[in-house]
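**Q** Here you go, sequence then predicted model.
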Amino acid sequence: MCGIVGYIGNPERTIGVLLNGLKSLEYRGYDSAGICVVSEGERNTVRSEGKLENLKIKIEDKQITAPTGIGHTRWATHGKPTENNAHPHSCGPVSIVHNGIIENYSDLKEELSARGHEFYSDTDTEVLAHLIEEQYEDGVLLEEAVLKGFERVEGSYAVAVLSENEPDKIVALRKFSPLVIAESENEKFIASDVPAILPYSKNIIFLEDGDIAVITSGSIKIYNYSGQEIKRDKKLINWDPVMIEKAGYRHYMLKEIHEQPRAILDTIRGRFSESEFTVEFEELLKFNSKDISKILILGCGTSYHASLIGKYLIESIAGISTEVDLSSEFRYRDNVIDDKTLILSISQSGETADTSEALIAAKEQGAVTIGLTNVEMSKIAREADFTVYTKAGPEIGVASTKAFTTQIITIYMMAVYLAIKRKKIDKDLSKDLIRSLISLPKLMQVALELDSSIKVLAKEFHTYKNFIYLGRGINYPVALEGSLKLKEISYIHAEGYAAGEMKHGPIALIDENMPVVLIAPKHGNYFQKIMGNFQEIKARGGRIIVVTSDSSFQNQLGKDDRIILIPECSELLSPLVTVIPLQFLAYHIANLLGTDIDQPRNLAKVVTVE
Ligand code: AGP
């Protein structure tokens, strides 16, 4: 949602560390930014609207050196993305940066106003500054004022607070929004997420909900809300800082599309036996699948689309009844779940509030929970009974790509794992399923070679204002995913539909101004039906891009239709191949339109508000 950084150390480095940290967190929010630095008896705050670049320009004009500082890049929740609403927010000697939402801020603001406080912004965060300042009397330490100030605060927050009166201190608080801390020789770092501090240290402390950290140049101390000091171990994070860079690609998204075969290999490695044709998850050694009668998969956005594919995989391979729900819908439904229900919560970030809160609600109803996430120590990783990790590496582009395909392959392997544990499949079938798995990265690599041809294709289609994406069976969710990719980075309206649904209404939309992307890998069950859909659309003057493994489709195409040939692969793993041209199509159309592909408007990489 927003990015927070903090630093205590070499006065000459403070500004640079803050700005570099914010740059690596820009994917979390980027509609305004600011920093605040303190030294003995002096405090400087610089804030700007828009991209981080605007803040950098403003800071360059001021020669600021100070040993302690905090910074923030914002995705607006309360108050427009203006300079006046940019963080840090201050009251008296206190300055604060905040990620999350204060749900009772208007009541608190009313009470503070009644006590004479005056506000300059429309944000919930400024209320926090006033609450702390009100407690921060002579002789009261900053951390004491922060604890007292937050006593009545409700909602989600990760905050970093500093004071002009105690320039060698940053106080940090975590509740429902992530915060990590690290140190190197004579320097201390704090951030919302690992990429901001990985260049300085790989030994990371992950704060837990309810922790309050008091950081000075000489120490990092962590307390719980009752003031007892607690220990949080450092965790070695093996992400290479280079992995976070663009590695020569124009955008993180393009890099991450091309990283998919490696991400798949990293995710499957060590989890299957090529000789025994079995699958094992060390994270599930204590998991008893015997009593599970139903699986419910929860996710949002692209993770929801992976969930829909998961249903096909689990029911087809493991024979377990599987439902899928949007996390945001599940929360407010009268669900029928019990201790025989397995909840599978899917989330790249592991911090999506809708999904983490749905997981907690399901646990409270007695369900067994497995988190499937890409980020170690994330909220979902900590809340679930069991956690299985994708090994996609850091996904920086807001539009999810390698996380999606590694989620699918992990669910595929979990389905095989469950089928073997429950003696649902014999050796021959598990051999076929494992062999398909092993051949997949090479097939994805072949699909990646479509990059340049789809770049050419995009030129013909980037001026259309509407698209329809169609798929059947396990490729119906791929139609949803392909349309989401186009929508979120090019801002072109696109809808994904089950191809069989066209005749029940959407076909009324078809004309020469509504291109149709038809996902048609050659598989027995659906191919003839898809051919029928193709004819229906052609008969109404529609223009079609067909994604298929059957080159004979070429003979059916009209002069304005186009074909994208993908390699043959198993039906159950076909989404991992069919999605790649759709990722490229969205990317190259958006690139032609000049949109901000890695940081699309109105979006954030991690949505930590419900
Ligand atoms: C996908 O491209 C979007 N960025 C968005 O739909 C995303 O998948 C969704 O917000 C869920 O995020 P999560 O996987 O981190 O929970």
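**A** Good, I have the coordinates.
**Q** Make sure T401 is actually in contact with M253.
**A** Yes - using Cβ atoms under 8 Å as the test, T401 is close enough to M253 to be in contact (6.4 Å). Where C-beta positions appear, they are placed from N, C-alpha and C, glycine not excepted.
**Q** Can you classify G100 as helix, strand or coil?
**A** Assigned by DSSP: H, G, I helix; E, B strand; the rest coil, the conformation of G100 is strand.
**Q** quick one: low-confidence parts of this protein?
**A** For the chain, applying pLDDT under 70 flags the ranges 1, 27-29, 76-77, 242-244, 247, 524.
**Q** how about S184, what does it touch?
**A** Contacts for S184 were tallied using Cβ atoms under 8 Å, 6 or more residues apart in numbering; they are Y200, S201.
**Q** so who does I530 touch?
**A** Taking Cβ under 8 Å, 6+ apart as the contact definition, I530 lies against R472, A499, L518, A520.
**Q** Can you tell me, leaving aside adjacent residues, what's nearest to the closest residue to the ligand within the chain?
**A** Shortest the chain-to-the ligand distance, computed as Cβ to the nearest ligand atom: residue-wise this is G301, at 1.8 Å. Of all residues not flanking G301 in the chain, L484 sits nearest, at 6.7 Å (Cβ to Cβ, 6 or more residues apart in numbering).
**Q** Quickly note the distance from the one you found to H493.
**A** Taking Cβ to Cβ, to the nearest Å as the criterion, L484 is separated from H493 by 12 Å.
**Q** Next: Y587.
**A** 18 Å.
**Q** sorry, back to before: now the common contact residues for T401 and M253.
**A** Both T401 and M253 are contacted by Q583, under the criterion Cβ under 8 Å, 6+ apart.
**Q** Pull up the residues of the stretch 351-500 of the chain that are close to the ligand.
**A** Applying Cβ under 6 Å from any ligand atom, one finds that the stretch 351-500 of the chain approaches the ligand through T352, T355, V398, A399, S400, E488.
**Q** can you tell me which of those lies nearest to L342?
**A** Taking Cβ to Cβ as the measure, T355 is the one of those closest to L342, at 15.5 Å.
**Q** Helix, strand, or coil at the closest one?
**A** With three-state DSSP as the basis, the three-state label of T355 is helix.
**Q** got the contact list for it?
**A** With contact taken as Cβ under 8 Å, 6+ apart, T355 is in contact with L298, G299, C300, S303, S327, S345, I346, S347, I380.
**Q** Compare those and tell me which has the most neighbours.
**A** For these, neighbours were counted by other Cβ atoms under 10 Å; the highest total belongs to I346, with 34 neighbours.
**Q** Could you double-check that that one sits in contact with I297?
**A** Yes - using Cβ under 8 Å as the test, I346 is close enough to I297 to be in contact (6.4 Å).
**Q** Between these two, which contacts overlap?
**A** Common neighbours of I346 and I297 (Cβ under 8 Å, 6+ apart) are S307, G310, I411.
**Q** Near the last one, how many other residues are there?
**A** Neighbourhood size, I411 [other Cβ under 10 Å]: 26.
**Q** Check the first one too.
**A** Per other Cβ under 10 Å, the neighbour tally for S307 reads 29.
**Q** Correct me if wrong: it contacts E323.
**A** No - with the criterion set as Cβ under 8 Å, S307 and E323 do not qualify as a contacting pair; they are 9.6 Å apart.
**Q** any residues in contact with both of these two?
**A** By Cβ under 8 Å, 6+ apart, the residues touching both S307 and E323 are I297.
**Q** which one of the residues of the stretch 351-500 of the chain next to the ligand has the most neighbours?
**A** Per-residue neighbour counts (other Cβ under 10 Å) across these peak at T355, which has 32 neighbours.
**Q** what's the nearest residue to that one if we skip its chain neighbours?
**A** Computed as Cβ to Cβ, 6+ apart, the closest residue to T355 that is not its neighbour in sequence is S327, at 4.0 Å.
**Q** what do you get for Y30?
**A** Of all residues not flanking Y30 in the chain, Q599 sits nearest, at 5.0 Å (Cβ to Cβ, 6+ apart).
**Q** and the shared contacts of I346 and I297 as TSV, adding secondary structure?
**A** Below are those laid out as TSV (three-state DSSP):
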residue	secondary structure
S307	helix
G310	helix
I411	helix
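**Q** Pick out whichever of Y587 and H493 has more residues nearby.
**A** Higher neighbour count among Y587 and H493: Y587, with 27 against 13, using other Cβ under 10 Å.
**Q** returning to what we had before: give the contact list for the residue nearest to G301.
**A** Each residue near L484 by Cβ under 8 Å, 6+ apart is listed here: G301, T302, H305, A494, G496.
**Q** Convert the helix or strand that contains the fourth one to PDB, retaining C-alpha atoms only.
**A** By that I understand A494. A494 is part of strand 493-498 when elements are defined by DSSP states H and E. Included here for strand 493-498 are C-alpha records, laid out as PDB according to Å, rounded to 0.1, in the frame of the first residue of the first chain:
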ATOM      1  CA  HIS A 493     -11.300  -2.200 -21.100                       C
ATOM      2  CA  ALA A 494     -11.200  -6.000 -21.500                       C
ATOM      3  CA  GLU A 495     -13.500  -8.800 -20.300                       C
ATOM      4  CA  GLY A 496     -12.700 -12.500 -19.800                       C
ATOM      5  CA  TYR A 497     -15.500 -15.000 -20.500                       C
ATOM      6  CA  ALA A 498     -16.100 -18.700 -20.700                       C
END
